[in-house]
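Visitor: any chance you can model this:
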Amino acid sequence: MTPFGARLRELRAKKQVTLAEMAEAVGVSSAYLSALEHGKRGRPSWNLIQRVIAYFNIIWDDAEELVKLARISHPRVTIDTSGLDPVATELANRLAQSISSLDRATLHDLMARMGKVTSTKH
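Guide: From the prediction side, this is the model:
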């Protein structure tokens, strides 16, 4: 699941909206919306983000947060370490190899060390 997908699911649950109801309202298939929530699709388009914001009547800071979550929600990331310290390349490769085995606490610890913790709650 991506940060955007987690927030989308959270919004649907809070408003007690089914996947099918929301999909119809924002103009996508329920299969696409499900794939987006589960991290099996890439970032949503700007237009879809705007339709979601309108659908849930999200304003100001909450709308900005949703846009930010969408930006960091591509499930397949490419890291270009060319020209960087060799340790950066090693770190990127080690992370790619081991990320699936890291527990939630370790992931949060790494994010905190980087100074970037998303506000999605799980």
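
Visitor: Thr106 - how many residues pack around it?
Guide: Residues lying near Thr106 (other CB atoms under 10 Å) number 12. C-beta here means a position set from N, CA and C on the backbone, and glycine is covered the same way.

Visitor: report the separation between it and Gly39.
Guide: Distance, Thr106 to Gly39, using CB to CB, to the nearest Å: 19 Å.

Visitor: and Ser73, by the same measure?
Guide: Using CB to CB, we find Ser73 at a distance of 8 Å from Gly39.

Visitor: how about residues contacting the strand or helix carrying Ala25?
Guide: Using DSSP states H and E, Ala25 maps to helix 19-26. Applying CB atoms under 8 Å, 6 or more residues apart in numbering, the contact partners of helix 19-26 are 12, 29-30, 32-34, 37, 48, 51-52, 55.

Visitor: buried sites along that helix?
Guide: 19, 22-23, 26 (16 or more other CB atoms under 10 Å).

Visitor: domain ranges for this structure?
Guide: Taking automatic domain parsing as the reference, the chain has its domains at 3-71, 77-122.

Visitor: report the rounded mean pLDDT for the last one.
Guide: Right, domain 77-122. Mean per-residue pLDDT for domain 77-122: 86.

Visitor: and the gap between the spatially closest residue to Arg43 that is not a sequence neighbour and Thr2?
Guide: Nearest residue to Arg43 in three dimensions, chain neighbours excluded: His74, at 5.0 Å (CB to CB, 6 or more residues apart in numbering). Between His74 and Thr2 the distance is 8 Å, computed by CB to CB.

Visitor: okay, helices next: where are they in this protein?
Guide: 3-15, 19-26, 30-37, 46-55, 60-71, 86-98, 104-114 (DSSP state H).

Visitor: enumerate the positions of the first one that are buried.
Guide: Spelled out, it's helix 3-15. 3-9, 11-12.

Visitor: for Asn93, state which of those is nearest.
Guide: Distance to Asn93 across the buried residues of helix 3-15 (CB to CB) is lowest for Pro3, with 23.3 Å.

Visitor: I'd say the closest one and Ser73 touch.
Guide: Yes - in this structure, Pro3 is within contact of Ser73 by CB atoms under 8 Å, at 5.2 Å.

Visitor: related to what we said a few turns ago, can I get the helices of the chain in TSV with distance to Asp80?
Guide: Below are these laid out as TSV (distance: least, CB to CB, whole Å):
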stretch	distance to Asp80
helix 3-15	22
helix 19-26	33
helix 30-37	26
helix 46-55	24
helix 60-71	17
helix 86-98	9
helix 104-114	18
